[in-house]
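S.K.: generate a structure from the sequence data that follows.
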Amino acid sequence: MPKKKPMPPITPTHYGLDVAKATLRLSGPDLSDAELPNTPAGHQALLRLLPASAHVICEATGGYERAVVAALQQAGRLVSVINPRQTRAAAQGAGQRAKSDAIDAAELAAYGTRFQPAPTPQRSPAQHRLQELVARRGQLVAARTAEKNQLEHLTLAQLRAQAERRLRASARDLAQLDAWIATALAAEDALATRAARVQQLQGFRTTNAAIVLATIPELGTVGDPQIAHLFGVAPFIRQSGRCDGQRHIAGGRSAARCALYMAALTAIVHNPRLKLFYRRLLDAGKAKKVALVAVMRKIALLLNRLLRDPNFQLAD
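M.R.: Residues are numbered from 1 along each chain as shown. Got it, this is the predicted structure:
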């Protein structure tokens, strides 16, 4: 019998989805703009509108997108969650200055067709719990820092007593959150294994490992250059003609970069190889900040290697 020819791959069709607190706005080919409620019923209606080949492009909106993204992924649809700065820059580059839900949805569809972004990986329930816990911890740490800064300038005894009560309460909440984070890491074997691998590097204890895993789930699945960009430790070239400007890091995911910074501070004291690397940069005339960022980048790449290759072992 003649062999069957393999079926050609299905080319995805990109649809833009503008997400708001209460509404969803969908735009795509052969579809007049549709507005749906951002509710479970609206998510099901959205699935009925989308063909099987749909690749949905939406923006991160501070959490309002999570439920609809989960519904789409569970139904087998491709979804890419994009940084709003990227999509807005692309729209402005195309000459689009106006902004509305309908325009944004159309621009998201155009962004997908032009740039072909990779689908956002689906997260497990344990990963979702970890992400929410880590986000809440970051909020609490920021609130504690603000309270401490305000306490320095309070002179009235009753106001100082109130601020100190809040600091004691937030310290208890922070300890409870850290316990919940440890439980979330242990709740799923795959997540626990990844956390254990991250903690092989000095400077990464349970909480810092959780922050990295929650904020950069791509760790171990993409190349080193992309990981450096996700952490925000990739220096950007600034060169024009004969002018070669100083390179600076920018962007990335700030919570993960803070965890990386704390790990680097530990590494340059206690890790022999990274301590030597740091000293060599200083001896070559690099500024301390530049040398520390180089250590952070090296740690980011080591983390990527640890999670990508289960047989990789750190040198003594």
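S.K.: excluding its backbone neighbours, what's nearest the residue nearest to the spatial centre of the chain?
M.R.: The chain has residue 215 as the residue nearest its centroid, 4.1 Å off, counting by Cα atoms, centre = their mean. Take residue 215 and drop its neighbours on the chain: the residue closest to it by Cβ to Cβ, 6 or more residues apart in numbering is residue 256, 4.4 Å away. C-beta coordinates here come from the backbone N, C-alpha and C atoms, glycine included.
S.K.: would you mind putting the CA coordinates of the host helix or strand of residue 210 into CSV?
M.R.: Taking DSSP states H and E as the definition, residue 210 sits inside helix 206-215. Extracted in CSV, the C-alpha atoms of helix 206-215 (Å, rounded to 0.1, in the frame of the first residue of the first chain):
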residue,chain,number,x,y,z
THR,A,206,13.4,28.4,49.6
THR,A,207,11.9,31.9,49.2
ASN,A,208,14.4,33.2,46.6
ALA,A,209,14.1,29.9,44.6
ALA,A,210,10.3,30.3,44.7
ILE,A,211,10.5,33.9,43.4
VAL,A,212,12.6,32.8,40.5
LEU,A,213,10.5,29.8,39.6
ALA,A,214,7.2,31.8,39.9
THR,A,215,8.3,34.8,37.9
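S.K.: what's in contact with the next helix or strand along the chain from it?
M.R.: The helix or strand immediately downstream of helix 206-215 is helix 224-231, counting by DSSP H and E. Taking contacts as Cβ atoms under 8 Å, 6 or more residues apart in numbering, the residues outside helix 224-231 that touch it are 216, 218-219, 222, 234, 251-253, 256-257, 260, 296-297, 300-301, 303-304.
S.K.: buried ones only from those residues, please, as a ChimeraX command.
M.R.: Buried members of those, defined by 16 or more other Cβ atoms under 10 Å, are picked up in ChimeraX with:
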select :216,219,234,251,252,253,256,257,260,296,297,300,301,303,304
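S.K.: among the contacts of helix 224-231, which are in helices?
M.R.: Among the contacts of helix 224-231, the subset assigned to helices under DSSP state H consists of 256-257, 260, 296-297, 300-301, 303-304.
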